[in-house]
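**Q** 3D, please:
(chains A and B)
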Amino acid sequence: MKLFYSFTILTILYTSNAFAGANPWTQCGIGAMIFNSDGEGSTVGAAISNIIWDLGTTAVSSNGSSQDNCSGINKSAALFIDNTYPQLAQETAQAQGENIVALLDIYQCSPSSHQSIIHSIRNNFSDTVAKSDYQDLGYNEKAYSYYKNVNQVITTEFSSQCNAI
Amino acid sequence: MDGAKNAKSELLGTIKELLSPDTKNGHAICDFPARKNWLQNQLDMPNNVFPVVECKDYEIWRNNVRSISLVFADGYLENPASLYGHLLLKFNSESQQSFLLDKSVNFGAKVPDDENPLRYILKGISGLYSSKFSTAEFYKNTRIYKELEQRDLWEYKLNLTEQEVSIVQDHTWELLNKADFDYFFFKENCAYRIAELLEIVIDKPLNNKSLPWALPIDIVNRLHDGNGFLTSLKYHPSRETLFLEKYKLLNNSQKIIVDDFIEVQDVLLLNSENLSNGDKSKIYDTLFSYYSFLYAKNLEDLKYKSINRSILKAQLKLPEIKIPKIQHKKIPPHIGQKTTLSQFRLVHNKKIGDGIVLRVRPVYYDKLSLGVGRLPYSTVSMFDLNVAYFNRRFRLHSLDLVNIETLNPNRKHIPNLHPYAWKVRLGVEQMHNNCFPCKTIFSEMGVGKSYLNSMGLFYFMIEGRVESNTGSQFSVTPKFGSIIKLSSAWVSILDIGNKHYLNANDKDIMVFQWNNRFGYSRDWDIQFSVSSEKAIESRLSVGLYW
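**A** Okay, here's the model as predicted:
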């Protein structure tokens, strides 16, 4: 019985701390393209509309450490979520869409597993949106929350169907 | 080494660097793979003469690309940089991954973040910016163009062999973030550079070197009108377009709920028990698009956050219902009229007599043009030149240096982010219909509102104008107008106004214009117009577009 409880506690600790690591929004410079430091809204679309992207902000090594949230799949996923969160939120609620499929492609999840993964993400997302503080969260906080949700689902339920973390 | 000015020196220098055994701090093979491959083929060099080098960044960048697409972004009147649209390249992955993750390549001027549009125009026209190629995942571009700027994207897949794809990739790699170019708004712009890049493998000139301008849509047209350069077209509608399409597909009772929710944001409307899950799904889908495009540039707006949460909660209560894909009906831009107009016009003027007018408008379109691939009910035109022959004399009739106008119609139940019609026009023209030699330099600005319904578009505008003849004369002209499409081949525009001079002794002048376009061809049209400003003038024109 002791072994059972120990295992249970360890599992709970593991899954709740599966995201004890870096927050890409605060620690990897993600989110700078969307908002200025005052969080007042997009800095994009001022005088320039045909954007030049600096290679440094887009180069991602696909072979980076899986524990490092500032490189590899984690950074790619965080960047994607940061750029497309409004569409991801809608598509998660609708359980379909090209952006959520692209996100699962970043995690290299097999296409046959997509619908099941989306279902799990959706269930968790439903709980998140139901909380009274959801609409008070800033954009970066919502995006990070979504990122944690996706990582958690893939890590705990679909690790064999995805080439993840 | 004088390789920057001497081609032989450059060649010898390139070969030396490519063969250099020093691979510790980068190598020319990694920076210039296109030159390496080309030289190797030309000089029949075996692989073993080159040092063995690992080019990690290059291999990651070019990995798994099977085809290349040319992507055209619709024109955007809010930014002078984007009046004529934009071109970028998309490198399509061989793997099954989403197209949103494909790499895209952009070309643009290096403009400071705080640059204002006027400074941008002046520096862009005079080549005072440097410019470069850059790369990003396609989703970053869809976010900017589709979600923020509400521009449709048209993806034309190029018909290239595997080797041709490889050549373009290698050459693009050499250009990325290394080469600096001068940027000239009219000529050496995104259209010019992208076309120049593709000309390496496309056996047809895509840039017309004899013209002092390069337009993105002209590059698309030259590819489309050629022999099999394109294989397919994929349409990526903007969020605004998606909303309009989804709204049109709703039945009347669904539309009423969407309209009511937009007006009062009552959450109870979303959860009515009288609605089936299918109804709810369509309504929520439409509302998502509405609020996404309405608040695209301000996602922290408190009102938007609250509404968005309400819709998300309502949607999350539904079971997972398949939402059918929309069959998009928008006509692609390559079907639109070609960009340059040459026109021959017969004129009958009650005061001056009969004559002819020859017109050349290099770019781009006006309210009479076919409404395909253009922002509807708008004019974007530069250097529109009219030369008249009356009474055995040729004279300049008019030269519009700039003529930009958009009516931004308000439609019932459809939100309008840009509720005002506006225009800017600058040039030289005949002052009134009754005086052939009387010319004036003018600048004109107008603001108003327009409404679109099933009969047509109706607008009101107040135009302010400054004229230069015999000192400066200021006038204000309130006018009413309409644009009615009587058929696909007949558009009729009517304007009536009263020109009132503020600082001159001239009496008020009633101004009247009735313009008609006949025909539905990319290449020609016939126009008939009657105008009155101190004299009545009728015109019959034949225009060729090329």
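**Q** Any idea how many residues pack against residue A:123?
**A** 13 (other Cβ atoms under 10 Å in any protein chain shown). To be clear about C-beta, it is placed using only N, CA and C from the backbone, and glycine gets the same treatment.
**Q** Mind listing what's buried along the helix or strand hosting it?
**A** Taking DSSP states H and E as the criterion, residue A:123 maps to helix A:114-130. By neighbour count on 16 or more other Cβ atoms under 10 Å in any protein chain shown, the buried set for helix A:114-130 is A:114, A:117-118, A:120-122, A:124-126, A:128-129.
**Q** And for it, what's in contact with it?
**A** A:89, A:92-93, A:95-96, A:100-101, A:104, A:109, A:134, A:145-146, A:149-150, A:152-154, A:157-158, A:161-162, B:309, B:312-313, B:316, B:320 (Cβ atoms under 8 Å, 6 or more residues apart in numbering or on different chains).
**Q** cutoff 7 Å now
**A** The list of residues contacting helix A:114-130 from outside it, by Cβ atoms under 7 Å, 6 or more residues apart in numbering or on different chains, reads A:92, A:95, A:100-101, A:104, A:109, A:134, A:145, A:149-150, A:153-154, A:157-158, B:309, B:312-313, B:316, B:320.
**Q** rewinding a little: among the buried residues of helix A:114-130, pick out the one closest to residue B:262, please.
**A** residue A:129 (21.0 Å; Cβ to Cβ).
**Q** if you average pLDDT over the lengthiest helix in chain B, what comes out?
**A** Taking DSSP state H as the criterion, chain B has its longest helix at helix B:277-294. Averaging pLDDT along helix B:277-294 gives 92.
**Q** That helix near chain A at all?
**A** Yes - residues of helix B:277-294 contacting chain A under Cβ under 7 Å from any Cβ of the partner chain: B:285, B:288, B:292.
**Q** May I ask which of those residues has the most neighbours?
**A** For the residues of helix B:277-294 next to chain A, neighbours tallied by other Cβ under 10 Å; top is residue B:288, 25 neighbours.
**Q** For the residue nearest the centre of chain B, give me its contacts.
**A** Note on chain B: the residue nearest the mean C-alpha position is residue B:75, at 1.7 Å, using Cα atoms, centre = their mean. Each residue near residue B:75 by Cβ under 7 Å, 6+ apart is listed here: B:82-85, B:375, B:380.
**Q** which residues in the chain form helices?
**A** In the absence of a named chain, this looks at chain A. A:2-16, A:24-27, A:55-58, A:72-94, A:98-106, A:114-130, A:139-157.
**Q** I was thinking of chain B, sorry if that wasn't clear
**A** B:7-19, B:28-31, B:33-42, B:56-62, B:117-125, B:138-142, B:162-175, B:190-198, B:216-224, B:239-249, B:252-264, B:267-270, B:277-294, B:302-317.
**Q** Does residue B:32 touch residue B:175 like I think?
**A** No - the criterion here is Cβ atoms under 7 Å, and residue B:32 misses it with residue B:175 at 10.5 Å.
**Q** Let me know the closest of the residues of helix B:277-294 next to chain A to chain A.
**A** residue B:288 (4.6 Å; Cβ to the nearest Cβ).
**Q** With the flanking residues excluded, which residue is spatially nearest to that closest one?
**A** residue A:90 (4.6 Å; Cβ to Cβ, 6 or more residues apart in numbering or on different chains).
**Q** Where in chain A is the helix or strand with the lowest mean pLDDT?
**A** helix A:55-58 (a mean of 36; mean pLDDT, DSSP states H and E).
**Q** What about residue B:74, how many residues nearby?
**A** 23.
**Q** Mean pLDDT lowest where, among the helices of chain A?
**A** helix A:55-58 (a mean of 36).
**Q** The closest residue to residue B:106 other than its chain neighbours bridge partners, please.
**A** Counting by Cβ to Cβ, 6+ apart, residue B:106 lies nearest to residue B:88, which is 4.8 Å off, once chain neighbours are set aside. Counting by DSSP bridges, residue B:88 forms beta bridges with residue B:71.
**Q** And stretch B:425-434, how far out from the chain middle?
**A** 28 Å (Cα atoms, centre = their mean, to the nearest Å).
**Q** What is the end-to-end distance of it?
**A** Its first and final residues considered, stretch B:425-434 spans 22 Å by Cα to Cα, to the nearest Å.
**Q** Equivalent analysis for stretch B:203-222, please.
**A** OK, stretch B:203-222 end separation, Cα to Cα: 12 Å.
**Q** what comes up buried for that stretch?
**A** Under 16+ other Cβ under 10 Å, the buried positions of stretch B:203-222 are B:206-207, B:213-222.
**Q** Run through who's touching that stretch.
**A** B:70, B:72, B:84-87, B:156, B:186-187, B:189-192, B:194-196, B:198-199, B:223, B:226, B:333-334, B:338-339, B:362-363, B:373.
**Q** Out of the contacts of residue B:75, which are close to chain A?
**A** residue B:82.
**Q** surely residue B:510 meets residue B:498?
**A** Yes - counting by Cβ under 7 Å, residue B:510 touches residue B:498, with 5.8 Å between them.
**Q** Could you tell me which residues touch both of the two?
**A** By Cβ under 7 Å, 6+ apart, no residue touches both residue B:510 and residue B:498.
**Q** just to revisit the earlier point, quick check: angle from the helix holding residue A:123 to helix A:139-157?
**A** 140 degrees (axes from the mean of the first three to the mean of the last three Cα atoms, to 10 degrees).
**Q** Send me helix A:114-130 as PDB with only the CA atoms.
**A** Listed next in PDB are the C-alpha coordinates belonging to helix A:114-130 (Å, rounded to 0.1, in the frame of the first residue of the first chain):
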ATOM      1  CA  HIS A 114      -4.400  13.900 -34.100                       C
ATOM      2  CA  GLN A 115      -8.100  13.600 -33.300                       C
ATOM      3  CA  SER A 116      -7.500  11.900 -30.000                       C
ATOM      4  CA  ILE A 117      -4.900  14.400 -29.000                       C
ATOM      5  CA  ILE A 118      -7.100  17.300 -29.900                       C
ATOM      6  CA  HIS A 119      -9.900  15.700 -27.900                       C
ATOM      7  CA  SER A 120      -7.700  15.600 -24.800                       C
ATOM      8  CA  ILE A 121      -6.400  19.100 -25.300                       C
ATOM      9  CA  ARG A 122      -9.900  20.300 -25.700                       C
ATOM     10  CA  ASN A 123     -11.100  18.800 -22.500                       C
ATOM     11  CA  ASN A 124      -8.300  20.500 -20.500                       C
ATOM     12  CA  PHE A 125      -8.800  23.800 -22.400                       C
ATOM     13  CA  SER A 126     -12.500  23.700 -21.500                       C
ATOM     14  CA  ASP A 127     -11.500  23.700 -17.800                       C
ATOM     15  CA  THR A 128      -9.100  26.600 -18.400                       C
ATOM     16  CA  VAL A 129     -11.700  28.700 -20.200                       C
ATOM     17  CA  ALA A 130     -14.300  28.000 -17.600                       C
END
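**Q** tilt between it and helix A:98-106?
**A** 120 degrees.
**Q** what sits against the residue nearest to residue B:106?
**A** B:71, B:104-106, B:141.
**Q** okay, now residue B:443: neighbour count?
**A** 15.
**Q** returning to that earlier point: residue B:430 is nearest to which of the helices of chain B?
**A** helix B:117-125 (26.9 Å).
**Q** Please identify the buried residues of that closest one?
**A** Quick answer for helix B:117-125 (16+ other Cβ under 10 Å): B:120, B:123-124.
**Q** does residue B:406 really touch residue B:77, like I thought?
**A** Yes - at 5.2 Å, residue B:406 counts as touching residue B:77 under the criterion of Cβ under 7 Å.
**Q** shared neighbours of those two, anything?
**A** B:375, B:378.
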